[in-house]
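>>> Prediction below, plus the sequence it came from.
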Amino acid sequence: MKYNFIAIEGNIGAGKSSLAEKIATSHQAMLIKEGFEDNSFLPKFYKDPEKYAFPLELSFLAERYHQLKDRLKSHDLFYNFVVSDYYIAKSLIFARKTLPHDEYMLYSQLFHIIISSLPKPDLIVYLYLTTDNLQQNIKKRGRPYEMSIQNEYLEKIQESYFEYMAQQKDLRIVILDTNNIDFVTNEDDFSTLEKLILEKDYDKGIHRFVL
């Protein structure tokens, strides 16, 4: 099976962008990369989550929707396929843990109205790392507004991802435990991921690999 649209997912610091970039470069794929650094609500959210959670999640949803709608519509024939470093459902996944129940219910209604016109990925790849390894990657990349992220928050987000994935019956989801490999600097490790992502035919459902 040829996957025309692959979404790389994972927690904060899992390596989503790095893997998506390497796949796009190696296989002449169109790269859709989330531009979250420009979101003015993000630094404010990490300082005061209760106050800024709802505007942050709304702004992310709007940005992701417009980006995916524009990029997927303009799919260039010179590219072999599309690889994104996020799936728009991450908006719902994060909101589930950051918003109070009443705000989440409203957000969920808006989310499902907005995404109804977007195509779903042919394959979702979830990169799993332990909280300690996520924190190491967060510290390594050195974004000031991420330095205050607590383990509890990362664990909530990880939990929300797994809750969401367990409910999906019509998606192909591959969960890759990458705690013991370094696909960024080790080409053999990257080659292993390439084969699992691009060369295997997956049925709908969840498929897990420990590397």
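Everything's here; your move.
>>> what about Ile197, distance to Lys69?
From Ile197 across to Lys69, the span is 24 Å (CB to CB, to the nearest Å). Where you see a C-beta, it was placed from the backbone N, CA and C, and this is true even at glycine.
>>> Between the two, which is the more surrounded one?
Neighbour count, other CB atoms under 10 Å: between Ile197 and Lys69, Ile197 has more, with 20 against 16.
>>> Would you mind measuring from the more buried one to Phe183?
In terms of CB to CB, Ile197 sits 11 Å off from Phe183.
>>> likewise Ser84?
Ser84 is 17 Å from Phe183, by CB to CB.
>>> Asn133 now?
13 Å.
>>> Please say which of the two ends up with more neighbours.
Phe183 (22 against 17).
>>> how about the more buried one, what does it touch?
Taking CB atoms under 8 Å, 6 or more residues apart in numbering, we find Phe183 in contact with 15, 18-19, 22, 189-190, 192-193.
>>> Just the buried ones among the residues you listed, please.
In these, burial by neighbour count holds for 15, 18-19, 22, 189-190, 192-193, counting by 16 or more other CB atoms under 10 Å.
>>> Between which two of these is the distance greatest?
Ser18 and Thr192 (15.0 Å; CB to CB).
>>> which residues sit in contact with Leu193?
19, 176, 178, 181, 183, 211.
>>> With Ser17 instead?
Shown in contact with Ser17 (CB under 8 Å, 6+ apart): 8, 33-34, 85.
>>> now Tyr202
By CB under 8 Å, 6+ apart, the neighbours of Tyr202 are 1, 123, 172, 174.
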